[in-house]
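**Student:** I would like to see how this sequence folds:
(chains A and B)
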Amino acid sequence: MKDTLVLDKVEKRYGDFVALEPTDLTIGAGEFVTLLGPSGSGKTTVLMSIAGFVSPSRGRILLDDRDVTALPPERRNFGVVFQGYALFPHLTVFDNVAFPLRARGITGEAARSKILAALEMAKLQTFAHRYPRQLSGGQQQRVALARSLVFSPELLLLDEPLSALDRALRKEFQTEFKSIHREVGTTFIYVTHDQEEALTMSDRIVILDRGRILQIAPPSELYERPATEFVAGFLGKSNFLRGKIASAGRGQVELHMPGFASTAAENGIAPQLGASAVAALRPEKIRLAASANGTGGSPCQVRGRVSDVTYLGASVEVELKLEDGQPLLATVPAGQRSFVEGEEMVASWEPDAAILVRPSEASP
Amino acid sequence: MSAPAASSSGTERLYWLMMLAPCVLLALFYLAPVLNVLVLSFTVPRPGVANYAELVNNGAVQRVLWTTVRIGAITTVLALLIGYLVAYALLHCGPRERQVLLGIVVASFWISALIRAFAWVALLQSRGVVNSLLISAGVIDSPLSLVRNEFGVIVGMVHYMLPYAILPLYTSLRGIDDRLVPAARALGATPSQAFRWVFLPLSLPGLIGAGVIVMIFSLGFYITPAILGGGRTIMVAEFISVQISETLRWGLAAMLATVLLGTVLLLVMWLSRFMDVEQALRK
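**Tutor:** Residues are numbered from 1 along each chain as shown, chains lettered A, B, ... in the order given. Model prediction:
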């Protein structure tokens, strides 16, 4: 397939320190893929290996079956948007955007029309003759984007491009990145530690932790069917039910916790009867009622006392303290009823709401 | 309400008092002699601008000034060239190497100009280390004249001025965002293009700043050219000294001193413009 990027067992070590375990990753042409993970997870190492600034200790990087592992950055023809933008302070916006064309020997009218098109795409026409220091953070971000797209790169690599902007601007750029991605059709590889950015923009998300890929999936699948406890906790909020497998079959298991029980989807994990297991349960899947009558007869329910209430506008986050002292977080629509700290409530959820995940300690 | 105001104005008065002492000291021992030199240049041996006319009429004075400017300029260019290389190396070497290199650079401040000048005479004279080595290696038959001429003066001055070039250059280069060169590479520039189009233009303010500092020092050099020039290559400071202590033409000496001071002041004013530019470039 054209413009497919393949990482074949790419590995990076600094002496004894493993920045990236042997990693396989295939990114299709035109995809918007986000590398998501906490700092030190190896996401930047992956991006910089693709860009050519980090040379892998082992493994190959292929573009269209062409080995680019040994190519210097300037011969890969990838666009890179750096954290902090790295605009050239001695050049105007126009000359910044002209830079990659100049490096490719494109000058004169051919360059001019490309530059003007890139500036228009980034809504920067009126700023062409300003210097970067005369621009706001958001405008600098647009220049960085225009500069790395003006030469029609085969890939666009973005390293936490929104981390320096305030919340409102971040939102705006998420929409804009998506529409620019649609417009230019280039493959976008985006690094962030912000789960919201990852969820809103990506075709697929790659979750990394401690130099390893934990899961690769589209946002909804990653959210609904997280493979590990880390993924479930990192992407959105989650409760973790820790208990023993009481029965298994037809893709479902029954999990016994001290004082209550719940069914959980097997999620590709082959559980053994009697073994300890962890199930993830999203707070918004939990209903709260004053008594067991209000639970709609679901077999998955547990009693607890309200220990904390956080009003979030559209919803209310209620933390229950279960009888064994474990907390349970529930997110319910606001305005249905009020919650008082210390009040006893029954939490219930549908039999398919909880899902088994690999516990963090045991992740390979 | 009024108590803190009163005490703050009291503190302010104390500050002024504390500043008064150094101001008086400077006025007495610095400003007064400088003004005296200015007055001397217009009054000795008789009132008028006769001393300044020597700038146009006196071939010896013109030769000395030209030598001074030429040696100053060559020293500046060489010190900047070598200094830039060292500063660049300082920026890109490991932390241990940097410590050692910086130590060597700073240590050279501790050795007096006199000792260094004599050391260079020992190295460069006809039977010195350099000539002996070259002759025994068969590169030359008779010793090269490396000292008591302009070459020797320039070697000594460049050596002396290097730390003054390296330290401000290193500070300035360190201020350049270290993501810019990788960004240039990612955008398709070769390492050499990235250097010429991004790093070098951004080091220009530092180069100009260091260059003006070196030039200002070089114009007033006395000991190094006096010893390494051996009386044949004479720069303005040595010439002034001769006018005062030997030929007793104080008026001419005062005029040259005033010209030198004026030139340096102009260079400093020019320098201050580039310091602002540097500030602006740092966002």
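**Student:** might you list the low-confidence residue ranges for chain B?
**Tutor:** Applying pLDDT under 70 to chain B picks out residues B:1-8, B:274-283.
**Student:** run through the neighbouring helices and strands of whichever helix in it runs longest.
**Tutor:** Among the segments of chain B that qualify as a helix by DSSP state H, the longest is helix B:59-92. Where contact means 3 or more CB pairs under 8 Å, 6 or more residues apart in numbering or on different chains; DSSP states H and E, helix B:59-92 is packed against helix B:50-57, helix B:95-107, helix B:150-174, helix B:200-219, helix B:236-245, helix B:250-281. From N, CA and C alone the C-beta is placed, and that goes for glycine too.
**Student:** what's the first one in contact with?
**Tutor:** With CB atoms under 8 Å, 6 or more residues apart in numbering or on different chains as the contact definition, helix B:50-57 has outside contacts at B:41-42, B:44, B:61-62, B:65, B:251-252, B:254-255, B:259.
**Student:** and the helices and strands packed on helix B:59-92 as TSV, adding mean neighbour count?
**Tutor:** As requested, the helices and strands packed on helix B:59-92 are exported to TSV (neighbours: other CB atoms under 10 Å in any protein chain shown):
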stretch	mean neighbour count
helix B:50-57	15
helix B:95-107	12
helix B:150-174	22
helix B:200-219	21
helix B:236-245	18
helix B:250-281	16
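**Student:** quick one, which of those helices gets closest to B:S136.
**Tutor:** helix B:150-174 (21.2 Å; CB to CB).
**Student:** angle of that closest one against helix B:250-281?
**Tutor:** 30 degrees (axes from the mean of the first three to the mean of the last three CA atoms, to 10 degrees).
**Student:** check which element follows helix B:150-174 along the chain.
**Tutor:** Under the assignment DSSP states H and E, the closest C-terminal helix or strand after helix B:150-174 is helix B:180-186.
**Student:** do that following helix and chain A meet at all?
**Tutor:** Yes - Helix B:180-186 comes into contact with chain A (CB under 8 Å from any CB of the partner chain), by way of B:180, B:182-186.
**Student:** list the buried ones in the helix or strand following that helix?
**Tutor:** Remark: after helix B:180-186, the chain's next helix or strand is helix B:191-194, criterion DSSP H and E. Neighbour-count burial for helix B:191-194, counted by 16 or more other CB atoms under 10 Å in any protein chain shown, picks out B:193-194.
**Student:** which helices and strands sit right next to helix B:191-194?
**Tutor:** Using 3+ CB pairs under 8 Å, 6+ apart: helix B:191-194 touches helix B:180-186.
**Student:** show me what the helix it packs on is packed up against.
**Tutor:** Going by 3+ CB pairs under 8 Å, 6+ apart, helix B:180-186 lies up against strand A:78-81, helix B:191-194.
**Student:** do that again at 7 Å, thanks
**Tutor:** helix B:191-194 (3 or more CB pairs under 7 Å, 6 or more residues apart in numbering or on different chains; DSSP states H and E).
**Student:** now do the helix it packs on: distance to the chain's middle.
**Tutor:** Distance of helix B:191-194 from the chain centroid (CA atoms, centre = their mean, to the nearest Å) equals 31 Å.
**Student:** could you do stretch B:81-100 as well?
**Tutor:** 21 Å.
**Student:** what is the end-to-end distance of it?
**Tutor:** 21 Å (CA to CA, to the nearest Å).
**Student:** any idea which helix or strand carries the residue in the stretch 151-300 of chain A positioned nearest to chain B?
**Tutor:** Of the stretch 151-300 of chain A, the residue with the smallest distance to chain B, taken as CB to the nearest CB, is A:F151 at 6.8 Å. Take DSSP H and E as the rule and A:F151 turns out to sit in neither a helix nor a strand.
**Student:** please look at it and A:R102 and confirm they touch.
**Tutor:** No - using CB atoms under 7 Å, A:F151 is not in contact with A:R102, being 10.2 Å away.
**Student:** ok, the two, which is more surrounded?
**Tutor:** Between A:F151 and A:R102, counted using other CB atoms under 10 Å in any protein chain shown, the more crowded position is A:F151 (20 against 16).
**Student:** quick check: closest non-adjacent residue to that one.
**Tutor:** A:P100 (4.4 Å; CB to CB, 6 or more residues apart in numbering or on different chains).
**Student:** before we move on, back to that, can you tell me which of the contacts of helix B:50-57 is nearest A:L165?
**Tutor:** Once CB to CB is applied, the member of the contacts of helix B:50-57 that ends up nearest A:L165 is B:V259, at 56.1 Å.
**Student:** now that closest one: closest residue in space that isn't a chain neighbour?
**Tutor:** Nearest to B:V259 is B:L55, by CB to CB, 6+ apart, at 7.3 Å.
**Student:** A:Q272 - how many residues pack around it?
**Tutor:** 9.
**Student:** quick one: it is in a helix?
**Tutor:** No - counting by DSSP: H, G, I helix; E, B strand; the rest coil, one finds A:Q272 to be coil, located in no helix.
**Student:** report the contact partners of it.
**Tutor:** A:I245 (CB atoms under 7 Å, 6 or more residues apart in numbering or on different chains).
**Student:** ok and the longest helix of chain B relative to helix B:95-107, angle-wise?
**Tutor:** Going by the same axes, to 10 degrees, helix B:59-92 makes 160 degrees with helix B:95-107.
**Student:** got the buried residues for helix B:59-92?
**Tutor:** B:61, B:64-65, B:67-69, B:71-72, B:74-76, B:78-80, B:82-84, B:86-88, B:90.
**Student:** and that helix with helix B:236-245, angle?
**Tutor:** Using the same axes, to 10 degrees, helix B:59-92 lies at 140 degrees relative to helix B:236-245.
**Student:** between helix B:50-57 and helix B:59-92, find me the angle.
**Tutor:** 80 degrees.
**Student:** flag every residue of chain B that's near chain A.
**Tutor:** Those residues of chain B that sit near chain A, judged by CB under 7 Å from any CB of the partner chain, are B:177, B:179-180, B:182-183, B:185-190, B:193, B:198, B:201-202, B:281, B:283.
**Student:** and with 8 Å instead?
**Tutor:** Residues of chain B lying near chain A (CB under 8 Å from any CB): B:177, B:179-180, B:182-190, B:193, B:197-198, B:201-202, B:280-283.
**Student:** drop anything exposed from those residues.
**Tutor:** The buried subset of these - by 16+ other CB under 10 Å - is B:177, B:179-180, B:182-189, B:193, B:197-198, B:202, B:281.
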